[in-house]
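In: Any chance you could fold what I've pasted below:
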Amino acid sequence: MDRKSHWEKVYQTKEPGEVGWTQETPAPSLKMIRKLDVPKTAAIIDIGGGDSKLTEYLLDEGYTDITVLDISARGVDRAKKRLGNRSGMVKWIVSDIVDFKPERVYNLWHDRAAFHFLTQADQITRYVRIANQAVSQYLTIGTFSLDGPKKCSGLDIRQYDESILSKEFSQGFELIDSFREDHITPSGNAQNFQFCTLKKANGGQNPLNNLN
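Out: Purely as a prediction, here's the structure:
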């Protein structure tokens, strides 16, 4: 089963309380975003956002340019249904991140628990390349730490610490903040995450080219 089929099945058969990544309040993500104090008009993209509640919180805080990308159409549909009329305030993209061909530049790229599912070197290279060329200012990312799980939703993942993460993105970004935090799953288990905030090196915008 490929990644897309896997995640479509997860969203078809599992409710939010039955999956480990569910957060009623996405506190670590909000912590990173608030600390950057970007304008409410900043272009923000949430990678692997799916049914995450981060979108609601960003809308509540007045952000007006939000894009959510997820590999699962069912995950996106679930989020749209939950948001109701406000779903029209968000741009929705159904795509595997490694196949994503962005048509604009984003001020802030957020990813909680999507990047660590990329376990092959070519997938990681592709992700980093896309992020480097589609982000003008900041990248916020959360993965399982070296003390976190080695699998999620039945899939292998890659664990990271701040040194490994910053090295992966070192060609285009520099680390400016990091912290670790336990996520308590709906079933009560603790999963340790590594969160990092990186800033685009030299503060420049890269054109959206050479993405083939």
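In: For the most centrally placed residue in the chain, give me the backbone phi and psi.
Out: Nearest to the mean C-alpha position of the chain, by Cα atoms, centre = their mean, lies Asp111 at 1.7 Å. According to degrees, to the nearest 10, the main-chain angles of Asp111 amount to phi -150, psi 110.
In: Relative to Thr140, how far out is it?
Out: 7 Å (Cβ to Cβ, to the nearest Å). Every C-beta, even on glycine, is put in place using the N, C-alpha and C of the backbone.
In: quick one on the thing from earlier: the residue lying closest to the residue nearest to the centre of the chain once chain neighbours are set aside bridge partners, please.
Out: Excluding the flanking residues, the one nearest Asp111 by Cβ to Cβ, 6 or more residues apart in numbering is Ile47, at 4.1 Å. Beta-bridge pairing of Ile47 under DSSP bridges involves Leu69, Asp111.
In: shouldn't Ile47 be in contact with Leu108?
Out: No: with contact defined as Cβ atoms under 8 Å, Ile47 does not reach Leu108; the gap is 11.1 Å.
In: higher neighbour count, the two?
Out: Neighbour totals were compared for Ile47 and Leu108, and Ile47 leads with 27 against 23 (other Cβ atoms under 10 Å).
In: For Thr13, grab the count of nearby residues.
Out: Count around Thr13 with other Cβ under 10 Å applied: 9.
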